[in-house]
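J.: no sequence on hand, only this structure:
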């Protein structure tokens, strides 16, 4: 059940972090490129992070990322991520979430080479996936979510404005909402130092400090 839950979390994610946990496994660069392409076609954003061995403190530094996909050797790909600030999935689980042609089966693939082109479990994404918007309902939040690149469907400018109306079947409409960098900053609990937060407080006056040596300062009694 937890694997199904992680797949649903991956479907809900807007920003996905690609964790590079190996530099020696064959075709690891091809796997990273494959995941980037899949994430882009699904209308998500990705960031690639070289982290080596995972721990809770490392991943807690990236609050904007909704979920991580871990590119590593098969022995290290399958682990319990309950303690992490954000869930961590395998490349296969991310494919199940974002590739409409990939379905849950009886097998589970921890070796990313199996799902790459030429691998025994490779499944190509639909050719029109990038230019088609599909909708479904999240089983976790109950909210509407989209799959596909919204920027390809915005007319001459190629961009859909925030909260713009998108036509659907039989005259119905849906709200397609994009999250920009400004909105991500507003949603953060800490937005950096605010020089105006102190109001009109005057600066402190300079005072004379202690003089002498550490053994005995001049203001200390003998």
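T.: Received, thanks. All figures in this text were calculated on a predicted structure; none of them were measured in a lab.

J.: what segments of this structure are helices?
T.: Under the criterion DSSP state H, helices of the chain are mapped to 2-12, 28-41, 56-59, 74-77, 91-98, 181-187.

J.: can you give me the mean pLDDT across the longest one?
T.: So that's helix 28-41. Averaged across helix 28-41, pLDDT comes to 92.

J.: same check, this time on the first one
T.: What helix 2-12 shows for mean pLDDT is 86.

J.: same check on the fourth one?
T.: Regarding helix 74-77, the rounded mean pLDDT is 78.

J.: going forward, count from 398.
T.: Fine by me, first position is 398 from now on; the one you just mentioned is helix 471-474.

J.: any regions of the protein where pLDDT drops low?
T.: Across the chain, the ranges flagged by pLDDT under 70 are 503, 546-585, 588, 591-598, 619.

J.: can you rerun that using 50?
T.: Applying pLDDT under 50 to the chain flags the ranges 550-561, 572-575.

J.: could you pull out the strands for this protein?
T.: 412-417, 442-447, 464-468, 485-486, 531-534, 541-544, 561-564, 570-573, 609-610, 613-614 (DSSP state E).

J.: tell me which of these sits most buried.
T.: Burial among those, expressed as mean neighbours by mean count of other C-beta atoms under 10 Å, is greatest for strand 464-468, which shows a mean of 25. To be clear about C-beta, it is placed using only N, CA and C from the backbone, and glycine gets the same treatment.

J.: returning to what we had before: who wins for proximity to residue 493 among the strands of the chain?
T.: Closest to residue 493 of those is strand 485-486 (C-beta to C-beta; 9.0 Å).

J.: what packs against the closest one?
T.: Judged by 3 or more C-beta pairs under 8 Å, 6 or more residues apart in numbering; DSSP states H and E, strand 485-486 is in contact with helix 399-409, strand 464-468.

J.: any chance of those in CSV, with distance to residue 425 too?
T.: Below are the helices and strands packed on strand 485-486 laid out as CSV (distance: least, C-beta to C-beta, whole Å):
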stretch, distance to residue 425
helix 399-409, 20
strand 464-468, 6
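
J.: closest one to residue 536 among the ones you listed?
T.: Per C-beta to C-beta, nearest to residue 536 of the helices and strands packed on strand 485-486: helix 399-409, 5.1 Å.

J.: contacts for that closest one?
T.: Under the criterion C-beta atoms under 8 Å, 6 or more residues apart in numbering, residues 413, 463-464, 466, 478, 484, 486, 490-491, 493-495, 501, 505, 533, 535-538, 542, 544 lie in contact with helix 399-409.

J.: so residue 542 makes contact with residue 534?
T.: Yes: counting by C-beta atoms under 8 Å, residue 542 touches residue 534, with 7.4 Å between them.

J.: need the residues touching each of the two.
T.: Contacts common to residue 542 and residue 534, judged by C-beta under 8 Å, 6+ apart, are absent.

J.: circling back to that earlier point, of the helices of the chain, which stretch is the most buried?
T.: helix 488-495 (a mean of 25).

J.: for it, which outside residues touch it?
T.: With contacts defined as C-beta under 8 Å, 6+ apart, helix 488-495 is touched by 400, 403-405, 407-408, 413, 428, 431-432, 435-436, 438-439, 441, 466-468, 474, 486, 499-501, 505-507, 509, 511-512, 518, 520, 544.

J.: before we move on, what about stretch 430-444?
T.: 410-415, 445, 459, 462, 466, 468, 488, 491-492, 495-496, 512-514, 522, 526-527, 530, 543-547.

J.: next one: stretch 504-523
T.: Under C-beta under 8 Å, 6+ apart, the answer for stretch 504-523 is 400, 422-425, 427-428, 431, 435, 438, 468, 471, 474-475, 487-489, 492, 496-499, 529.
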